[in-house]
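# got a predicted model here, sequence first, then my questions.
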Amino acid sequence: MANGSNRRVIMAKEVGFCFGVKRAINLTRQALAEREDVFILGDLVHNKRVTDELEGKGLRKIEDYDNEKKGTMVIRAHGLPEEKIREIKSRGIDVVDATCPIVLRAQEAAQSLEKRGCQVVIVGDRNHAEIKGILGALESPALVVDSVEELREAKESRKLMRKVGVIFQTTHALELCNAIVNEMLMMCKEIQIINTICRPVQNRQDDAIELASKVQLMIVVGSRTSANTMELAALCLNYNVNTIHVQSAEELSFSAFENFDLIGIASGLSTPEDLVEAVKVKVLTMQADPELAIA
């Protein structure tokens, strides 16, 4: 058993909100302070603590906008298809666009490849809000693949064309994107690639991998509805089998880290910094007291 007094925590270089999430939250807070009826389609970001705070300040979450005829709609950080935004404005609804600028650049990259006559291939999760926004920015259907196996299936079913333009979900792991592109090189005659992976995401992934490789236990903090957090945890697990994913300090039990002295902590892009700090404090202070341990 590890000695609690020897327990050390190494934090990833960057934790807490990324620029895009901070911007989206600030724009929404400003809209709530200045306007009467503010609503949003879906969640602004994938973190319940954040969404609960904003809804507590008056943000109204809706399932669709068919019945909305006035007020202000916030476009979430993941973006919406351009056609939907135009339709919302045509109804007389004001729009506060909190789409992450990096996501907007991914949409523009896809449009650029389409104009060059390429079949647009998006490496990402077709059910993710960001991907739906990119698909909505295009004139023609794009191919979405999230694994080498899906790419092979597309090739066999003749859905993959010979001239393709490739972009990536901004929060995707570079390792996975590389594997899919390498496979594509054997299938297509012409491939044009625009790297749309978010630099802060890539930096966090590289940093977390390095950290996971040298600690005894790796803890990734963030929502289980956050794609980038889930992917970060999966990446760390590849480099350290003792990797756990928690949404908050309350999910940590003493048994999770009692046998480890050197522990690393990283976070997703939409995880508040104070949640990460609370995990660190708990790891450093919790002792083998049944009343303190949370199962």
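Cool, the structure landed.
# and the residue most central in space within the chain, what element?
In the chain, the residue lying closest to the centroid (CA atoms, centre = their mean) is Asn228, at 3.4 Å. For Asn228, the host element (DSSP states H and E) is helix 227-239.
# likewise Asp52?
Taking DSSP H and E as the definition, Asp52 sits inside helix 48-56.
# so how far is Leu217 from Ser255?
Distance of Ser255 to Leu217, given as CB to CB, to the nearest Å: 12 Å. For the C-beta atoms, the positions are set from N, CA and C on the backbone; glycine is no exception.
# actually Cys177, sorry about that
Computed with CB to CB, the distance linking Cys177 and Leu217 is 28 Å.
# then Ile197?
From Ile197 to Leu217 the distance is 28 Å (CB to CB).
# ranges for the helices of the stretch 1-150 of the chain?
For the stretch 1-150 of the chain, applying DSSP state H, counting those that start in this stretch gives helices covering 19-34, 48-56, 82-90, 101-115, 129-136, 148-156.
# in terms of helices and strands, where is Ile197?
Here Ile197 is assigned to no helix or strand, by DSSP H and E.
# that one: neighbour count?
20 (other CB atoms under 10 Å).
# so what's Val120 closest to, chain neighbours aside?
Nearest residue to Val120, sequence neighbours excluded (CB to CB, 6 or more residues apart in numbering): Ala142, at 3.9 Å.
# run a quick neighbour tally on that neighbour.
Residues near Ala142, counting by other CB under 10 Å: 21.
# can you check Ala173 too?
That count, for Ala173 with other CB under 10 Å as the rule, works out to 21.
# quick one: secondary structure of Ile263?
strand (DSSP: H, G, I helix; E, B strand; the rest coil).
# contacting residues around the residue lying closest to it once chain neighbours are set aside?
Among residues not flanking Ile263 along the chain, Leu217 sits closest, at 4.7 Å (CB to CB, 6+ apart). Residues counted as contacts of Leu217 (CB atoms under 8 Å, 6 or more residues apart in numbering) are Asn240, Asn242, Thr243, Ile244, Ala256, Phe257, Phe260, Leu262, Ile263, Gly264.
# show me the contacts for the closest residue to Glu82 other than its chain neighbours.
Counting by CB to CB, 6+ apart, Ala137 is the residue found nearest to Glu82 once chain neighbours are left out, at 5.3 Å. Shown in contact with Ala137 (CB under 8 Å, 6+ apart): Pro81, Glu82, Gln107, Glu108, Ala110, Gln111.
# swap in Val38?
When contacts are counted by CB under 8 Å, 6+ apart, Val38 touches Thr28, Ala31, Leu32, Gly58, Leu59, Arg60, Gly71, Thr72, Met73, Val74, Val96.
# drop anything exposed from these.
Thr28, Ala31, Leu32, Leu59, Thr72, Met73, Val74, Val96 (16 or more other CB atoms under 10 Å).
# right, and the third one touches Leu54 too?
Yes - when contacts are counted by CB atoms under 8 Å, Leu32 is listed as touching Leu54 (7.1 Å).
# what's in contact with stretch 77-97?
Contacts for stretch 77-97 (CB under 8 Å, 6+ apart): 20-21, 23-24, 27-28, 31, 35, 38, 41-42, 44-45, 65, 68-75, 98-100, 103-104, 107, 128-130, 132-137.
# returning to what we had before: among the helices of the stretch 1-150 of the chain, which is the most enclosed?
Across the helices of the stretch 1-150 of the chain, averaging neighbours per residue (mean count of other CB atoms under 10 Å) puts helix 129-136 on top, at a mean of 22.
# what sits against the closest residue in space to Arg126 that isn't next to it in sequence?
In space, and not counting its chain neighbours, Arg126 is closest to Val144: 4.1 Å by CB to CB, 6+ apart. Residues near Val144 by CB under 8 Å, 6+ apart: Val121, Ile122, Val123, Gly124, Asp125, Arg126, Ile131, Leu135.
# now a ChimeraX select for only the buried ones of these.
Applied in ChimeraX, the following selects the buried portion of those according to 16+ other CB under 10 Å:
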select :121,122,123,124,125,131,135
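# TSV for the contacts of Val144, including distance to Ser248 and pLDDT?
Conversion of the contacts of Val144 to TSV gives the following (distance: CB to CB, whole Å; pLDDT from 0 to 100):
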residue	distance to Ser248	pLDDT
Val121	37	98
Ile122	32	98
Val123	31	97
Gly124	27	95
Asp125	24	93
Arg126	29	93
Ile131	28	95
Leu135	33	94
